[in-house]
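*Asks:* this is the structure alone, sequence omitted:
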């Protein structure tokens, strides 16, 4: 939840990406992992952000009477209109939203990414947080759920995810 709240922080005076509140959350997780000699904090942060992103995508789809993949297709088309290729966030969500096989695919994508492109892995976490913030804003704009209510619901969903 710290990542999501940091992403919602309107830190517009940030000179570089590393100074953003969301990046600072990732940096603190990485530093804690270095101190502990592992990667549990980063992996937990990445998984939590991915689960939150998938859950909010499904919620938005439900509110608009669409399938979650339709939401992702809309986002992909919007990116293409601006000359951008599909992002790792969209690729990850596409696999996550296919159910148990997608969870396995996501794990197969993320594990090598961490070892082969650590900075890319950190960027993915920050970008997932930004995606979650956009979803929260959309739910708020559609008058489906206010920001604080969505954050409370998200905290409950993540708590259930991690305890089951």
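*Replies:* Sure, I can see it. In this text the structure is predicted, and so the values were computed from the model without any measurement. Numbers count the residues shown, from 1 in each chain.
*Asks:* residue 17 contacts residue 24, correct?
*Replies:* No. Under the criterion of CB atoms under 8 Å, residue 17 makes no contact with residue 24, lying 10.5 Å away. For the C-beta atoms, the positions are set from N, CA and C on the backbone; glycine is no exception.
*Asks:* so for the two, which residue has more residues nearby?
*Replies:* residue 24 (17 against 10; other CB atoms under 10 Å).
*Asks:* for the helix or strand containing the more buried one, packing partners?
*Replies:* Per DSSP states H and E, residue 24 falls inside helix 21-36. Judged by 3 or more CB pairs under 8 Å, 6 or more residues apart in numbering; DSSP states H and E, helix 21-36 is in contact with helix 2-8, helix 40-63, helix 118-141.
*Asks:* hmm, who's touching that helix?
*Replies:* For helix 21-36, the external contacting residues (CB atoms under 8 Å, 6 or more residues apart in numbering) are 2-3, 6-7, 9, 11, 17-18, 39-42, 45, 122, 125-126, 129-130.
*Asks:* which parts of that helix are buried?
*Replies:* Judged by neighbour count using 16 or more other CB atoms under 10 Å, the buried positions of helix 21-36 are 21-26, 29-30, 33.
*Asks:* tell me the average confidence for it?
*Replies:* Helix 21-36 shows a mean pLDDT of 92.
*Asks:* sketch out the low-pLDDT regions of this protein for me.
*Replies:* Residues of the chain that meet the criterion pLDDT under 70 lie in 10-15, 83-86, 99-104, 107.
*Asks:* just put the helices and strands packed on helix 21-36 in JSON lines and tack on mean neighbour count and distance to residue 92.
*Replies:* Formatted as JSON lines, these follow (neighbours: other CB atoms under 10 Å; distance: least, CB to CB, whole Å):
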{"stretch": "helix 2-8", "mean neighbour count": "21", "distance to residue 92": "15"}
{"stretch": "helix 40-63", "mean neighbour count": "20", "distance to residue 92": "6"}
{"stretch": "helix 118-141", "mean neighbour count": "19", "distance to residue 92": "7"}
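*Asks:* if anything else comes up later, I'll come back, but that's it for now.
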